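# Pasting the sequence and the predicted coordinates here, then a few questions.
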Number of protein chains: 2
Amino acid sequence: MNFANRIHTLRPSAIRAAGKLIRSKENCISFAAGLPSSALMPINEIREVTDRLLSEKGAVALQYGATKGYDPLLDEICKIMAKRHVHCKKEEIQITTGSQQGIFLTAMTFLNPGDTVITEKPTYLGALSSYTPFECNFRGVDADNEGMLIDELEKALEEEKNVKFVYAVPNFSNPTGKTWSVDRRKKLVQLANKYDIMIIEDNPYGEIRFSGEHVPTIKSFDTEDRVIYLGSFSKILFPGLRVGFSISNTAIANHFEVLKQGIDLQSNQFAQAQIAEYLKAYNLDEQIEQIVKVYGKKKDMMLEIIKEKFPKSIKHTNPEGGMFIWLDLPKGVDATKLLEKSIEEISVGFVPGGSFFTEPGYENTIRLNFSTVDEEEIIEGMNRLADFLTKELEK
Amino acid sequence: MNFANRIHTLRPSAIRAAGKLIRSKENCISFAAGLPSSALMPINEIREVTDRLLSEKGAVALQYGATKGYDPLLDEICKIMAKRHVHCKKEEIQITTGSQQGIFLTAMTFLNPGDTVITEKPTYLGALSSYTPFECNFRGVDADNEGMLIDELEKALEEEKNVKFVYAVPNFSNPTGKTWSVDRRKKLVQLANKYDIMIIEDNPYGEIRFSGEHVPTIKSFDTEDRVIYLGSFSKILFPGLRVGFSISNTAIANHFEVLKQGIDLQSNQFAQAQIAEYLKAYNLDEQIEQIVKVYGKKKDMMLEIIKEKFPKSIKHTNPEGGMFIWLDLPKGVDATKLLEKSIEEISVGFVPGGSFFTEPGYENTIRLNFSTVDEEEIIEGMNRLADFLTKELEK
């Protein structure tokens, strides 16, 4: 087969490899997932809304619609974003198949082969999946608990040619759970203006904050229309419906619309109508409160065991929201080998963190998920992991 | 904005421009649509199936699932295809967001800048939308009522460098309504083998045959795994659910899966479950019979008026299925100008055919749709058009 060059850039996903390994062992407790909790999805509510939709507007909801998106959903998104102090117009929105497709649209719109994408170290694996086929280079920038290190970012902008944008998950990032401070957000915008680049603000977890105060979006500090904001209903409502959205200036939104005609004509019209009707009939903030309450408790339980029982040589994040805790093990430890042994010996799974980096050298890191495991599993699995890691690191 | 080079290849859609013009005139009868009839969608059946799905399997159907697709739907697709004499395995299938995304995946998998795509003259506009951003060249090949002219196709394969594939809609094509004969299908496969290229067989309309016998798929003549078959539930069930699929060899299906992780992670899980449950509970062939009966009658009505009342200088196709009739007006006539005048004077709309070609010189063509208009509109609109065209062409 005479494939395109981009096919040779594709790599199998390390998360999927970990998942396969974990599923191969019966009764394994898995902290490897990246899913929201199914138990918190408002299924009765969507059932009520869906039946009404089919009885009253079936012919519209099941037919082709506008590429840009289902108009009543665009209205609802404007309202939600206004509450978050982002004032957008409908023509600035493009409905996407999850925020993943928003990332993909930024790749198609901006990347020529050889261009550079700046990401956090580590970054969302799905962003690498979107950008890699466009034959770009990656430059990772270190982050502390306030966000990217601004000096390092500016150094990268000086050194790298053809930087098109910085990709960031500023709230409770996947994989680390870290959040950017207001100051770093402002400085990122200043640097984007100075170096004439774009910012991709990917915010799927932003609503799920269990402690501290909400930090304004990077988009709210945008002075030159350089921020493309990506939102999603996957983590707060139903990931299976695949409804996300982008907010950008109108010129970019128009390019997204034309590109999307070639990608898939439009996202599922019915799912957009389901979400729109849910948002009109129910209080999204109450749904988010439920999630926050449950995830916050799970995070606390997980963190408590890490603090009390994990070897002190392991560093951890303490996320104020989202679904993940991040572990830094001592240099030289190979988390992929640890995973194999952990599954074998204690039936506990996690994701080795090396693949969230665009360069080697971080094989000593681990991502732990707390959204999909129940409380008993957290206590049992984390205690086993504490003993296991103590034994392994003290060898 | 420092956009990627591919952005400069994008052109606004001529169909959308025609649609906008038509909507601007009140009470216009439009033969410009490309939609299936909403009246024929089995809405009560999907309502029943959907409610049961939400009550019994909501947590699975609304959650993330496999990128490749919802497993019970893959089973159903294997069964449907077996009835059509294409025997495929689940690992050869990739669920796509409409067959449009199948086209897009072939672009991503095979096209480098400067590669050549061979299409029929004219071809599906959405395929051009998928392929154009990959900075490829197009070579159009003329077709008669049996399909592409094989001599011309071989000439194109001799002359063009880096041909990656032939894209074809072999049944009741959009825009012409033409169908390929068995002989042409076999010869296409022979040429693909000889010149080491792929064939993209896009078959969204194949089930909707109102006269003549079903012709075997190109895929059924495939001897070297060169055919990528694209199917869809949009024209026979619900376009708004955006459920399509590709069938290819496993190596290509695996590339599609990895690429799709970057494009949108997966298509809507709930919609896949809705279609799977519908297929298990109801008889798809009975649904198709309904569509065939109604569309066949509409096509006959439209064709009768063309034959009896249109100027004899206008050539027309006589499709055995699908949703479109194609008109060839005398050379020199500009269908775009005719459309403006037709909307203004007789409130009848259609799509000028020039944009379905990859080269200029076909501005004298028109696509007429019969699936979305009711019988009264066909009689009234086509009679008006007959008088209008008689007047215009006899000037």
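Received, thanks. Numbering: from 1, shown residues only, chains lettered A, B, ... in the order given.

# buried set for the lengthiest strand in chain A?
The strand of greatest length in chain A, counted in residues with DSSP state E as the criterion, is given as strand A:137-144. By 16 or more other Cβ atoms under 10 Å in any protein chain shown, the buried positions in strand A:137-144 come out as A:N137, A:F138, A:R139, A:G140, A:V141, A:A143. Glycine gets a C-beta too; all of them are placed from N, C-alpha and C.

# CA atoms only for the least confident helix or strand in chain A by mean pLDDT - export them in CSV, please.
The helix or strand with the lowest mean pLDDT-type score in chain A, counting by mean pLDDT, DSSP states H and E, is helix A:14-23 (a mean of 85). The C-alpha atoms that make up helix A:14-23 are tabulated as CSV, following Å, rounded to 0.1, in the frame of the first residue of the first chain:
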residue,chain,number,x,y,z
ALA,A,14,0.4,3.6,25.4
ILE,A,15,-2.9,4.1,27.3
ARG,A,16,-4.6,1.5,25.2
ALA,A,17,-1.7,-0.9,25.7
ALA,A,18,-2.0,-0.4,29.5
GLY,A,19,-5.8,-0.9,29.3
LYS,A,20,-5.4,-4.1,27.4
LEU,A,21,-2.9,-5.4,30.0
ILE,A,22,-5.2,-4.5,32.8
ARG,A,23,-8.3,-6.1,31.2
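
# what does it rub up against?
By Cβ atoms under 8 Å, 6 or more residues apart in numbering or on different chains, the surrounding residues in contact with helix A:14-23 are A:28, A:30, A:32, A:34, A:125, A:336, A:339-340, A:343, A:349-352, A:354-355.

# now A:N112: how far from A:F134?
Distance of A:N112 to A:F134, computed by Cβ to Cβ, to the nearest Å: 8 Å.

# any residues in contact with both of those two?
Residues touching both A:N112 and A:F134 (Cβ under 8 Å, 6+ apart): B:A4.

# The two: who's more crowded?
Taking neighbours as other Cβ atoms under 10 Å in any protein chain shown, A:N112 and A:F134 compare with A:F134 leading, 23 against 16.

# who's in contact with A:L279?
A:L279 makes contacts with A:L73, A:E76, A:I80, as judged by Cβ under 8 Å, 6+ apart.

# Off-centre distance for the helix or strand hosting it?
Element membership of A:L279 [criterion: DSSP states H and E] is helix A:269-281. Helix A:269-281 sits 22 Å away from the centroid of its parent chain (Cα atoms, centre = their mean, to the nearest Å).

# export that helix as CSV, just CAs?
Taking only C-alpha atoms (Å, rounded to 0.1, in the frame of the first residue of the first chain), the coordinates of helix A:269-281 have been written out as CSV:
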residue,chain,number,x,y,z
GLN,A,269,-27.8,16.5,15.1
PHE,A,270,-29.8,14.4,17.5
ALA,A,271,-27.2,14.5,20.2
GLN,A,272,-27.0,18.3,19.9
ALA,A,273,-30.7,18.5,20.3
GLN,A,274,-30.6,16.1,23.3
ILE,A,275,-28.0,18.4,25.0
ALA,A,276,-29.9,21.6,24.1
GLU,A,277,-33.2,20.2,25.5
TYR,A,278,-31.5,18.9,28.7
LEU,A,279,-29.9,22.4,29.2
LYS,A,280,-33.3,24.1,28.8
ALA,A,281,-35.1,21.6,31.1
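
# Does the helix or strand following it reach chain B?
Next helix or strand after helix A:269-281 toward the C-terminus (DSSP H and E): helix A:284-309. No - against chain B, helix A:284-309 shows no contacts by Cβ under 8 Å from any Cβ of the partner chain, the least distance being 13.3 Å.

# so what does helix A:284-309 touch, helix or strand wise?
Judged by 3 or more Cβ pairs under 8 Å, 6 or more residues apart in numbering or on different chains; DSSP states H and E, the packing partners of helix A:284-309 are strand A:315-316, strand A:324-328, helix A:375-393.

# now the strands: where do they sit in the stretch 51-200 of chain A?
Counting by DSSP state E, counting those that start in this stretch, the segments of the stretch 51-200 of chain A that form strands are A:93-97, A:116-121, A:137-144, A:147-148, A:163-168, A:198-202.

# how about the ones you listed, which one is nearest B:I378?
Smallest distance to B:I378 across these (Cβ to Cβ): 33.7 Å, for strand A:93-97.

# Report the strands that pair with that closest one, each with its relative direction.
Using DSSP bridges, strand A:93-97 pairs in its sheet with strand A:243-247 (antiparallel).

# what comes up buried for the next helix or strand after the strand it pairs with?
Past strand A:243-247, further along toward the C-terminus, the next helix or strand under DSSP H and E is helix A:250-263. Of the residues in helix A:250-263, those buried under the neighbour-count criterion (16+ other Cβ under 10 Å) are A:I252, A:A253, A:N254, A:H255, A:F256, A:E257, A:V258, A:L259, A:K260, A:Q261, A:G262, A:I263.

# need the contact list for the last one.
Put plainly, it is A:I263. Residues counted as contacts of A:I263 (Cβ under 8 Å, 6+ apart) are A:Q101, A:F104, A:L105, A:M108, B:T97, B:Q100, B:Q101, B:F104, B:S130, B:I263.

# can you check the first one too?
Shown in contact with A:I252 (Cβ under 8 Å, 6+ apart): A:T109, A:I228, B:M1.

# follow-up on the earlier one: quick one, the least confident helix or strand of chain A and helix B:250-263 angle?
Our comparison of helix A:14-23 with helix B:250-263, counting by axes from the mean of the first three to the mean of the last three Cα atoms, to 10 degrees, yields an angle of 110 degrees.

# I'd like the distance from helix A:14-23 to the chain centre, please.
Distance, stretch centre to chain centre, for helix A:14-23: 19 Å (Cα atoms, centre = their mean).

# partners of the helix or strand immediately after that helix in the chain in the sheet?
Sequence-wise, the next helix or strand beyond helix A:14-23 is strand A:29-30, with elements assigned using DSSP H and E. Strand A:29-30 sits in its sheet next to strand A:348-349 (parallel), going by DSSP bridges.

# what lines up beside the helix or strand harbouring A:R367 in the sheet?
Assignment of secondary structure by DSSP H and E places A:R367 within strand A:365-369. Partner strands for strand A:365-369, per DSSP bridges, with pairing direction: strand A:324-328 (antiparallel), strand A:351-352 (antiparallel).

# Give me the contact list for it.
Everything outside strand A:365-369 that qualifies as a contact, by Cβ under 8 Å, 6+ apart, is A:30-34, A:122, A:174-176, A:302, A:323-329, A:335, A:338, A:350-354, A:356.

# Can you point out the buried residues in it?
So strand A:365-369, judged by 16+ other Cβ under 10 Å, has buried residues A:T365, A:I366, A:R367, A:L368, A:N369.

# closest to A:I150 among those residues?
In terms of Cβ to Cβ, no member of those lies closer to A:I150 than A:T365, at 22.9 Å.

# if I pick A:K164, what's in contact with it?
By Cβ under 8 Å, 6+ apart, the residues touching A:K164 are A:F110, A:L111, A:D115, A:T116, A:V117, A:C136, A:I197, A:M198, B:N2.
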